[in-house]
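>>> all I have is the shape, not the residue letters:
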Ligand code: ACO
């Protein structure tokens, strides 16, 4: 008898765990003192208003894909996974090497992951967590076994280095995680993702796309650089990250006190302090590295996750909370059993 489509059994739903992490930051350090000689600012202003002391800048010939590939290699080593085992590469970035092909395709070439499908995702600083949830769903749905998730940005390539309102905030880097089913672990327990396109203009790069093509005139007006309404972004950051964090905690029936370690987006120490205050948590529960790297966009939470894991801030089985926001406006939070 002819087989019917409906006779094919659905794949079993499986959990997806982070089985390895890696990160990379470029060698060159740009300190607040260096910025004092570039724009009208001071180390004191930057430290008091943001908590940032220095950031890393990629070399001119070092692209987002190069940083992403280095983070990916570290994650594969950490997970004990060979490039040929990777089914999917997802790269969260707003500074791709090119419009196309995707940065994920460049990463595939650099690490030799010949069996992977590849794509980029644009959700600004929320990109890594958005990618993590997509990886989770592909693994849960049974179509993928091993997914490489990367957050990578070379924001120095789109920063207006004459604008003190933004240039002191950002840095370059990449972070990666390998997701796979690990029997007996809940892995990614739940993720909430949200967006508000009405707030697109508070943090954006107007030029470069079809709405504002790369012309000499547009470049002269600095439309191909990052523009930000800092105060509004700050306000929205705290509100949206709190909404996302509370939603995932509620869904799991956990309180913030049950969480072993919070890995927040690394934009501004005051934003993290405001969250700690609202969650009634000691700041020590948050992994913070923005003093060393500034805001590395999609890479920030991924680098922080790798650092926290490698320095033993949590162990297998511990519940951790990731929470991010970014241009779009986008925001997300995940509860993960490590
Ligand atoms: N050095 C010295 N003075 C400065 C600097 C600087 N680098 N930057 C701004 N100022 C001045 C301003 O011009 C302003 O002067 P004025 O009062 O004479 O106009 C004054 O300092 C205060 O400016 P505010 O904007 O009120 O400063 P605030 O305390 O809000 O801090 C900041 C600014 C750090 C940008 C803060 O608003 C912030 O962190 N916002 C969130 C930014 C963010 O997280 N962006 C990333 C989003 S994630 C992503 O997707 C990339």
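Structure's in. What do you need? Computed from a predicted structure; not experimentally measured.
>>> so who does residue 28 touch?
Residues counted as contacts of residue 28 (Cβ atoms under 8 Å, 6 or more residues apart in numbering) are 56, 57, 58, 59. Bear in mind the C-beta positions are built from the backbone N, C-alpha and C, glycine included.
>>> which one of those has the most neighbours?
Highest neighbour count within the contacts of residue 28: residue 58, with 25 neighbours (other Cβ atoms under 10 Å).
>>> for the ligand, what are the nearby residues on the stretch 1-150 of the chain?
For the stretch 1-150 of the chain, the contact set with the ligand under Cβ under 6 Å from any ligand atom comprises 41, 45, 46, 49, 50, 124, 125.
>>> then the stretch 151-300 of the chain?
164-165, 168, 203, 228, 230-231, 233-234, 237, 267-268, 295, 297.
>>> filter those down to the buried ones and hand me the ChimeraX line.
Entered in ChimeraX, the line below selects the buried ones among these, by 16 or more other Cβ atoms under 10 Å:
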select :164,168,203,228,233,234,237,267,268,295,297
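>>> just send the residues of the stretch 151-300 of the chain next to the ligand back as JSON lines, with pLDDT and secondary structure too.
JSON lines is the format used below for those (pLDDT from 0 to 100; DSSP: H, G, I helix; E, B strand; the rest coil):
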{"residue": "164", "pLDDT": "97", "secondary structure": "helix"}
{"residue": "165", "pLDDT": "97", "secondary structure": "helix"}
{"residue": "168", "pLDDT": "98", "secondary structure": "coil"}
{"residue": "203", "pLDDT": "96", "secondary structure": "strand"}
{"residue": "228", "pLDDT": "97", "secondary structure": "strand"}
{"residue": "230", "pLDDT": "95", "secondary structure": "helix"}
{"residue": "231", "pLDDT": "94", "secondary structure": "helix"}
{"residue": "233", "pLDDT": "96", "secondary structure": "helix"}
{"residue": "234", "pLDDT": "95", "secondary structure": "helix"}
{"residue": "237", "pLDDT": "96", "secondary structure": "helix"}
{"residue": "267", "pLDDT": "97", "secondary structure": "coil"}
{"residue": "268", "pLDDT": "97", "secondary structure": "coil"}
{"residue": "295", "pLDDT": "98", "secondary structure": "strand"}
{"residue": "297", "pLDDT": "98", "secondary structure": "helix"}
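>>> need the residues of the stretch 151-300 of the chain next to the ligand in a markdown table with distance to residue 29, can you?
Compiled in a markdown table, these are given as follows (distance: Cβ to Cβ, whole Å):
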| residue | distance to residue 29 |
| --- | --- |
| 164 | 19 |
| 165 | 22 |
| 168 | 14 |
| 203 | 25 |
| 228 | 23 |
| 230 | 24 |
| 231 | 29 |
| 233 | 25 |
| 234 | 26 |
| 237 | 26 |
| 267 | 19 |
| 268 | 20 |
| 295 | 16 |
| 297 | 18 |
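>>> wait, which of the residues of the stretch 151-300 of the chain next to the ligand is closest to residue 187?
residue 297 (25.1 Å; Cβ to Cβ).
>>> leaving out chain neighbours, which residue sits closest to that closest one?
Closest residue to residue 297 apart from its sequence neighbours, by Cβ to Cβ, 6 or more residues apart in numbering: residue 153 at 3.8 Å.
>>> quick check, that neighbour in a strand?
Yes - assessed by DSSP: H, G, I helix; E, B strand; the rest coil, residue 153 belongs to a strand.
>>> wait, it sits on residue 94?
Yes - taking contacts as Cβ atoms under 8 Å, residue 153 lies within contact range of residue 94: 6.3 Å.
>>> compare those two (neighbour count), which wins?
residue 153 (33 against 24).
>>> check contacts around the more buried one.
64, 93, 94, 95, 172, 173, 174, 296, 297, 298, 299.
>>> from residue 318, how far out is it?
28 Å (Cβ to Cβ, to the nearest Å).
>>> residue 14 is in contact with residue 183, isn't it?
No - using Cβ under 8 Å, residue 14 makes no contact with residue 183, being 9.1 Å away.
>>> between the two, which one's more packed in?
Taking neighbours as other Cβ under 10 Å, residue 14 and residue 183 compare with residue 14 leading, 17 against 7.
>>> circling back to that earlier point, among the contacts of residue 28, name the ones in strands.
56, 57 (DSSP state E).
>>> tell me the pLDDT of the residue nearest to residue 16 when sequence neighbours are not counted.
Once flanking residues are discounted, residue 16 sits nearest to residue 139: 3.8 Å by Cβ to Cβ, 6+ apart. The model reports residue 139 with a pLDDT of 97.
>>> for the one 3 residues further on, same thing?
In the predicted model, residue 142 carries a pLDDT score of 92.
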